[in-house]
Structure formats: structure tokens, C-alpha cells
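Undergrad: Sequence below, structure please.
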Amino acid sequence: MARPKANTRWTVLPHAPIERLSERLWRIEGALPTMPLRRVMAIARRSDGGLVVHNAVAVDDAALAEIEAWGPVAAIVVPSGYHRLDAGVFHDRYPAARVICPRGSRAKVEQVVPVAGSYEDEPTDPAIALETLDGTATNEGVMIVRDGGGASLVFNDIVFNMPHQRGVSGFVLRFLTASSGGPRVSRIARWFIAKDKPALRGHLERLAATPELRRIVVSHHEVIDRDPARVLRDVAATL
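TA: Next up, the predicted model:
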């Protein structure tokens, strides 16, 4: 299978060690080639012990060993058609894992990896839920992880939390794409993801009311763990 705009071999870029956010949620932040953005892989552990990998990133042998010791990779969530760089090679390494993506992104994701189903097709689990976000033409979603420490929301590109960067790229991210400077919906997301802003705002507001919400994980840069419910309501209000 041809893999346009995706890695065809396991290519490890610099990344941080695994960060254990809660008893069921891990996070790894790494570099992107030729871009100042940092990308984030989140790994959640289902109630049956299987792992759900959100936004797969090729990592080094030590990190892989730690992941595999935690549990078998059961599902690989490709959160949009623009987050498929390592989806194919990750599935090559874990061929028994189901590949899941938002229904509206399936055509793009299937250019690089076979897709088993959409968010709505995943079985109900008390620890992990996948929801398609209203107002995104079924192209974006959220993973909700619950454990003894509360609830976590794992988003893709609809919410950014990126500090300002330096140089020309920093200028572009700050002033042209409006991507940096704290929690926000970037200009790119407003143009290409938020197809129905009132519907999306309503869904984000409902997610902000998630009981015992402890943190919001985004696919680029920093975790939001200070009053995440208020932050998400504030972000939603900008739509």
C-alpha cells in the first residue's frame, strides 16, 4: 500500500520520556520533522488491560518496552486525516490492533493504513470512550479517559495549548495561524474543522461539565491541568 505523506519505516525522532498522567493515561511528547510543533501521543489502558494509542508516534526501544509491559496494543486511534505520519508503521508493528478514526477522515487515513471502524464502532468501556465532536463534519473527536483520579479529555487539533515560539515560524504561528499563546481554537481549526461553530461550542461546553475533570491533553504541546473545565468553557466561548 502506498503511503503518501506518511512514514514507510519506523523513524524515531527526539521525544521525551513517558509521562504518567494518571493510573490509566500516559503521554509522550516528541518532535515533528521540519516543524516547530511538538506532537503528543496519548496511551490509555482499557478496563480489560488493552491499550488504546491516540495519535501514534514512533518511539525508541526503551519506550516501546515500557508500553508493551503495560499491556497489549488493542487499538490505534488516528485522530484525523492530518495525523497519520506514523499510523501505518505503528500498525505494521502491532498488526492485531484495530485502527480507528473519525468517520469523516476515513478516506484520508485509509491512504496509509487499513481502518477497522469509526469512533462509533468501538465497544463500550467504563474506562475509555470515543466521541465524534459535533460541528466538525465527523472529522474530529475526543477520547475520554476515566479512572480513580478523575477524568481526562484527549483532543486532537480542535484545541491547541502551545506557547509562543521564536523566529519566522513563531511569527507565523502567532500572527497568521493564531495557534500559539495558550489554550485556543486556532485560525486553521476555525477555517477547516469547525464547520458548525454553535454545535461545536455546545459539545465543548458539555465536555467541560464532565464530572471530576482533571486535565485536557492536546495533540500539540502542553497539558491543560489548571481548572480545565473553566479553560474549556472559555475556549468554547470563542467559537
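
Undergrad: Buried ones in stretch 145-154, by neighbour count?
TA: For stretch 145-154, a neighbour-count test (16 or more other Cβ atoms under 10 Å) marks 145-147, 151-154 as buried. C-beta coordinates here come from the backbone N, C-alpha and C atoms, glycine included.

Undergrad: how about those in CSV, adding pLDDT?
TA: Conversion of those to CSV gives the following (pLDDT from 0 to 100):
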residue, pLDDT
Val145, 98
Arg146, 97
Asp147, 96
Ala151, 98
Ser152, 98
Leu153, 98
Val154, 98
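
Undergrad: for these, which one is nearest Ile128?
TA: Among those, Val145 lies closest to Ile128 (Cβ to Cβ), at 5.6 Å.

Undergrad: Which other helices and strands does the helix ranked longest in the chain contact?
TA: If you go by DSSP state H, the chain has its longest helix at helix 197-208. Applying 3 or more Cβ pairs under 8 Å, 6 or more residues apart in numbering; DSSP states H and E, we find helix 197-208 packed against helix 228-237.

Undergrad: still on that earlier bit, give the buried residues for the longest helix of the chain.
TA: 200-201, 203-205, 207-208.

Undergrad: Show me how far the helix or strand following it is from its chain's centre.
TA: Downstream of helix 197-208, the first helix or strand assigned by DSSP states H and E is strand 213-217. Here strand 213-217 is found 13 Å from its chain centre; the criterion is Cα atoms, centre = their mean, to the nearest Å.

Undergrad: quick one: strand 213-217 to helix 197-208, angle?
TA: Interaxial angle, strand 213-217 versus helix 197-208 (axes from the mean of the first three to the mean of the last three Cα atoms, to 10 degrees): 130 degrees.

Undergrad: how many neighbours does Ala209 have?
TA: Neighbour count of Ala209, defined by other Cβ atoms under 10 Å: 10.

Undergrad: just the one 10 residues further on next, same as before
TA: Neighbourhood size, Ser219 [other Cβ under 10 Å]: 23.
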